[in-house]
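1. Pasting the sequence and the predicted model now:
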Amino acid sequence: GIRARTSTRAVARRTSLHAGSAMQYFTPQEMAGGVRYGSGCKVGNWNENAVVDEIRSMEYVAKKNAGTLRVDAYNRRMATAMAPVTLTPPRADGGVNFGDVVMLANINAGAALAVDVQDADPRSGEASCAVSASTHPAPVARNTFSFEKYTPRASAFLTQTWDDESVRYGQKVRVVLNASAGGLGGESKLYLRSFAVSTTRAAKLSRKCEVAASTGAASYECVFEVLTPDPAKRLVSEGVPLMAGAPVVLKHCQTNQCLAVPGFSFPNDFGHEFEVCGHTFVSAGNAYVMRGLATGKPTSMTTKAPGDVNTFVVVLGEAR
């Protein structure tokens, strides 16, 4: 009778649901705007609703056993990004060397640079992901970095280089994300990279130079220069080893803009974090100009110091 025909349609419907490329969890009556019937009400397509519920439960159990639920992917992502990391302990001289695992903390925001590997650029051919500043105090995979030595081309004979492993003021370096945080496109290393402002490249909130983590190690867009915040001391400080906890400015070599955390916050999967961009923020005061005039230096030769939003400190681990 009616129940037999309904059961037959339900079985056929179940077969079509399994055969289709995408599961459809709504019966024709529901898609037409009708109400949903429960199995306790022997009216309409009650048996078809029961079959669809059964299929939903079966798929959920299968995904749960296979670990393919969205919550499983989220937990794996957090476990990788927030895995604890041990920072390199300070040495007797207090200096920072290439390969040391460090944190880069911004003075103005009180936050450390961090990378979200899963927040990748969706555009084709763009192997880069988002960089932000996190207030998470503990060193984890996503907020720990190391410095890598930059070797200039043979034609760049004016670029100063040193043979030892100490990071020095005036030296050009690459900033590498901790490998345990993951990679993109089969590459295990991600480098801090900044781009000039264009119609397709700009920081989302400040509209300054975009900063991302990218696999393009060979690009000059991944090269930064380590400088002291005071422009008047940059000449005399060139070649001086960088000390842990000392203020430092990272100037992007291609755009000539300093790394900055201007204070624009936004929500993401890790909470509220700050935007990181490339721009040299200077004060509107005339302190440096007046100091230069007092010593006979023309205004055109006076460089203003970058603000606290551009100033970072290199954080090492605890002494053993």
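-> In hand now; what should we look at? Numbers count the residues shown, from 1 in each chain.
2. Next, count neighbours for the closest residue to H279 other than its chain neighbours.
-> What sits nearest to H279 in space, not counting adjacent residues and going by C-beta to C-beta, 6 or more residues apart in numbering, is K208, at 3.9 Å. For glycine as for every other residue, the C-beta is placed from the backbone atoms N, C-alpha and C. By other C-beta atoms under 10 Å, 22 other residues sit near K208.
3. Might one say that K208 is in contact with T280?
-> No - with contact defined as C-beta atoms under 8 Å, K208 and T280 do not form a contacting pair (9.6 Å).
4. on that earlier part again, list the contacts of the residue nearest to H279.
-> Contact analysis of K208 by C-beta atoms under 8 Å, 6 or more residues apart in numbering lists V197, A202, Q257, A260, P262, C277, G278, H279.
5. ditto for S214
-> Counting by C-beta under 8 Å, 6+ apart, S214 makes contact with A127, S128, C129, L184, L190, Y191, R193, E221, C222.
6. What about the first one, how many residues nearby?
-> By the criterion of other C-beta under 10 Å, A127 has 17 neighbours.
7. next one: the fourth one
-> Here the neighbour count serves as a burial measure; for L184 (other C-beta under 10 Å) it reads 19.
8. My reading is that I55 lies in a strand. Confirm?
-> No - counting by DSSP: H, G, I helix; E, B strand; the rest coil, I55 falls outside a strand, being helix.
9. any idea how far it lies from N49?
-> 11 Å (C-beta to C-beta, to the nearest Å).
10. same check, this time on M31
-> 13 Å.
11. shouldn't V140 be in contact with A83?
-> Yes - counting by C-beta under 8 Å, V140 does reach A83; the two are 6.1 Å apart.
12. Which of those two has more residues huddled nearby?
-> It is V140, of V140 and A83, that has more neighbours when counted by other C-beta under 10 Å, with 22 against 13.
13. quick one: R76 is in a helix?
-> Yes - assignment of R76 by three-state DSSP places it within a helix.
14. Tell me the spacing between it and F274.
-> Note on R76: its distance to F274, by C-beta to C-beta, is 26 Å.
15. can you check N256 too?
-> If you go by C-beta to C-beta, the gap between N256 and F274 works out to 23 Å.
16. likewise E238?
-> For E238, the distance to F274 - C-beta to C-beta - is 30 Å.
17. So for these two, which sits in the more crowded spot?
-> F274 (24 against 15).
18. Identify the bridge partners of the closest residue to D269 other than its chain neighbours.
-> Distances taken as C-beta to C-beta, 6+ apart put D116 closest to D269, at 7.3 Å, once the chain neighbours are dropped. With DSSP bridges applied, D116 shows beta-bridge pairing to A130.
19. could you list every residue that touches D116?
-> When contacts are counted by C-beta under 8 Å, 6+ apart, D116 is found next to A81, C129, A130, V131, S132, R142, N268, D269, F270.
20. Can you classify Q118 as helix, strand or coil?
-> Recorded secondary structure, Q118: strand (three-state DSSP).
21. That one and C129 touch, don't they?
-> Yes - with contact defined as C-beta under 8 Å, Q118 and C129 form a contacting pair (7.3 Å).
22. So which of those two has more stuff around it?
-> Neighbour totals were compared for Q118 and C129, and C129 leads with 22 against 16 (other C-beta under 10 Å).
23. Find me the pLDDT at the more buried one, would you?
-> Per-residue pLDDT puts C129 at 94.
24. Counting neighbours, what do you get for the closest residue to it other than its chain neighbours?
-> Closest residue to C129 apart from its sequence neighbours, by C-beta to C-beta, 6+ apart: A120 at 4.6 Å. For A120, the neighbour count with other C-beta under 10 Å is 16.
25. so A120 sits right up against V131, yeah?
-> No - assessed by C-beta under 8 Å, A120 is found out of contact with V131, at 11.9 Å.
26. Following the chain onward from the lowest-mean-pLDDT helix or strand in the chain, which element is next?
-> One helix or strand of the chain scores below all others by mean pLDDT, DSSP states H and E: helix 2-19, with a mean of 44. Downstream of helix 2-19, the next assigned helix or strand under DSSP states H and E is helix 28-31.
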